[in-house]
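Novice: below is the sequence, then the predicted model.
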Amino acid sequence: MANPWAGEVAIWLDGQRHTGKLTLGALAELEATLGAGSLVEIAERFESGRFSARDVLAVLVAGLRGGGWQGSAEVLRTAEIGGGPVGAARAAAELLARAFALPDE
């Protein structure tokens, strides 16, 4: 089970459960991948609903890598993500939220 107090989110890929977590290294990778000026900029995209599929994919890859997954964006592009596109966007938003807030906030 994912531990929300540790910033973890359960992500299902091809029917297998993985744990995602945005570590500091994962967040740095995310900024570089998206060419964002700051993490706040990325979070604002999600909060305002102005995120793209590319943003969702980048957050998921960074979170999965932060959780120990060894895959790549290429692998994730062809994986079946639990909940489909909506589930992927929800998991990405949860990763960002849990990276900066306590679970009960």
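Specialist: Perfect, I can see it now. What you see is a predicted model, and the numbers here were worked out from it, not measured in a lab.

Novice: list the helices and strands the lowest-mean-pLDDT helix or strand in the chain packs on?
Specialist: Considering only helices and strands, the least confidently modelled element of the chain by mean pLDDT, DSSP states H and E is helix 39-48, at a mean of 85. Packing partners of helix 39-48 (3 or more C-beta pairs under 8 Å, 6 or more residues apart in numbering; DSSP states H and E): helix 24-34, helix 53-66, helix 84-100. No exception for glycine: its C-beta is placed from N, CA and C like everyone else's.

Novice: list of residues touching the last one?
Specialist: Translated: helix 84-100. 4, 7-12, 20-22, 27, 39, 42-43, 46, 51, 53, 55-57, 59-60, 62-63, 81, 83 (C-beta atoms under 8 Å, 6 or more residues apart in numbering).

Novice: the same query, at a cut-off of 6 Å, please.
Specialist: 7, 9, 11, 20, 22, 43, 46, 56, 59-60, 63, 81 (C-beta atoms under 6 Å, 6 or more residues apart in numbering).

Novice: which among those residues end up buried?
Specialist: 7, 9, 11, 20, 22, 43, 46, 56, 59-60, 63, 81 (16 or more other C-beta atoms under 10 Å).

Novice: of those, which pair is most distant in space?
Specialist: A43 and I81 (20.9 Å; C-beta to C-beta).
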